[in-house]
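Colleague: structure, please.
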Amino acid sequence: MGKKHIAVVMGGYSSEFEISIGSGTVVCNSLNRDKYEVYPIHILKSGWFFVDQDGTKHPVNKADFSFNSGTETIHSDAIFNTIHGTPGEDGYLQAYWKLLDIPQTSTEYYQAALSFNKRDCLSVLKGFGVLCANSFYINKGNEIDMEQIVLKTGLPCFVKPNRSGSSFGISKVHNIEDLMPAIDLAFTEDSEIIIETALNGTEVQVGVYNNGSEIIALPPTEIVSENEFFDYAAKYLGKSQEITPARISEEETEMLQQEAKRIYGLLNMKGITRSDFIIQKGKPYFLEINTNPGLSKESIVPKQAREAGMTLTDFFDILIQNVLK
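Modeller: A predicted model of the protein is given here:
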């Protein structure tokens, strides 16, 4: 039994590519080298490359996703997908790898596309009785009726791009006169936006993954933001406290984990996801699900995995073994 060739894919075409490279680097450094030959692959607008240890870039052949290691042509046994945003979290690469018959660790292309579109994902889950905030949708070019929006969502509300990650383009709006600037900002990230009632309660995030056919929820993390909400500065510039495990009751933890697992099952997910909720009056309200959550040392899912008693090497091994079987 030779070592399996694992391509760790990072980067992407969105504003989050640097964050993804951080995640990918942690995965590369954590994988068990006794079992795996590990190849960092950068997928960027400027090109797709295997980047070797001395920083030399070897182009990836898009016809079959092979690349030269410097000594031989490598065909990966599996792909560890750590791209946040497009094209690795919204289904494009998943569909491409599916066509090439290369297994990859994140969810499949349809599930990725559905969950990346907050509006469509919420519409599906509401049909199964998942609690969500009231929301209002606008496509670029629609006529905008402020009164109608506020009637539906109330104030304060959140204005968000429909398909974007890492809190780019999100605003919290308290007064109707601030609504239009917030809508304009969201439209800089996406041509579809979603406006939601601001829920009041404890923000919690919970990682869920599959180990074979078993769906497992990790210990939840509580988000306490110094800012108005968990925005980019809070996420990446240390303006928030992330408390793992969350300071909620055992009953709330159990209810949250059950709901996160139920959503994972309803959406037919695989790999690691992170679902974000607000616990309002003892009930978990679903915000969104990320199918390629951050895996850098500061990220939430790695902290939850450690809290559950796993090393990142063990945890990432489960994700790879799931798809090698």
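
Colleague: when you work out contacts or count neighbours from here on, use the C-alpha atoms and nothing else.
Modeller: Will do.

Colleague: where do the helices sit along the chain?
Modeller: Using DSSP state H, the helices of the chain run over residues 17-30, 92-100, 109-116, 118-126, 146-153, 179-187, 232-236, 250-266, 300-307, 312-324.

Colleague: and the fourth one, average pLDDT?
Modeller: The predicted model assigns helix 118-126 a mean pLDDT of 94.

Colleague: how about the second one?
Modeller: Mean pLDDT, taken over the full extent of helix 92-100, equals 98.

Colleague: and that helix, what does it pack onto?
Modeller: For helix 92-100, the elements it packs on are helix 109-116, judged by 3 or more Cα pairs under 8 Å, 6 or more residues apart in numbering; DSSP states H and E.

Colleague: follow-up on the earlier one: with mean neighbour count and distance to Ser46 added, can I get the helices of the chain in TSV?
Modeller: Converted to TSV, the helices of the chain look like this (neighbours: other Cα atoms under 10 Å; distance: least, Cα to Cα, whole Å):
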stretch	mean neighbour count	distance to Ser46
helix 17-30	21	12
helix 92-100	16	16
helix 109-116	21	23
helix 118-126	16	28
helix 146-153	14	40
helix 179-187	18	25
helix 232-236	17	25
helix 250-266	18	34
helix 300-307	22	29
helix 312-324	18	28
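
Colleague: of these, which approaches Tyr137 most closely?
Modeller: Evaluated over these, closeness to Tyr137 peaks at helix 118-126, with 7.6 Å, by Cα to Cα.

Colleague: lowest mean pLDDT across the helices of the chain, which one is that?
Modeller: In terms of average pLDDT, helix 232-236 trails the rest of the helices of the chain, at a mean of 51.

Colleague: need the helices of the chain in TSV (columns: distance to Ile74).
Modeller: Below are these laid out as TSV (distance: least, Cα to Cα, whole Å):
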stretch	distance to Ile74
helix 17-30	17
helix 92-100	14
helix 109-116	24
helix 118-126	37
helix 146-153	52
helix 179-187	41
helix 232-236	35
helix 250-266	33
helix 300-307	29
helix 312-324	17
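
Colleague: those helices: which one's closest to Pro161?
Modeller: Comparing the helices of the chain by Cα to Cα, helix 179-187 comes nearest, at 4.9 Å.

Colleague: if you count neighbours, what's buried in stretch 276-284?
Modeller: For stretch 276-284, the neighbour count (16 or more other Cα atoms under 10 Å) marks 276-279, 284 as buried.

Colleague: which one among these gets closest to Phe128?
Modeller: When these are ranked by distance to Phe128 (Cα to Cα), Pro284 comes first, at 14.3 Å.

Colleague: how far away is the closest one from Leu100?
Modeller: Separation of Pro284 from Leu100 (Cα to Cα, to the nearest Å) stands at 39 Å.

Colleague: also Asn175?
Modeller: Per Cα to Cα, Asn175 is found 51 Å from Leu100.

Colleague: could you do Pro161 as well?
Modeller: For Pro161, the distance to Leu100 - Cα to Cα - is 32 Å.

Colleague: tell me who's in contact with the nearest residue to Pro161 once chain neighbours are set aside.
Modeller: Using Cα to Cα, 6 or more residues apart in numbering and skipping residues adjacent in sequence, the residue nearest Pro161 is Ile193, 4.5 Å away. Ile193 is in contact with 137-139, 159-162, 183, 186-187, counting by Cα atoms under 8 Å, 6 or more residues apart in numbering.

Colleague: bridging residues for Ile193?
Modeller: According to DSSP bridges, the residues that bridge with Ile193 are Ile138, Pro161.

Colleague: pLDDT score for it?
Modeller: 94.

Colleague: and the one 5 residues further on, by the same measure?
Modeller: Turning to Ala198, the model gives it a pLDDT of 92.

Colleague: quick one: it and Val159, what's the gap?
Modeller: On the measure of Cα to Cα, Ala198 and Val159 end up 10 Å apart.

Colleague: the more surrounded of the two?
Modeller: Val159 (28 against 21; other Cα atoms under 10 Å).

Colleague: and that one, what does it touch?
Modeller: Taking Cα under 8 Å, 6+ apart as the contact definition, Val159 lies against 170-173, 182-183, 186, 193-196.

Colleague: for stretch 141-156, measure first residue to last.
Modeller: By Cα to Cα, the extent of stretch 141-156 from end to end equals 24 Å.

Colleague: for that stretch, give me every contacting residue.
Modeller: So stretch 141-156 is contacted by 134-136, 138, 172-176, 179, 195-198 (Cα under 8 Å, 6+ apart).
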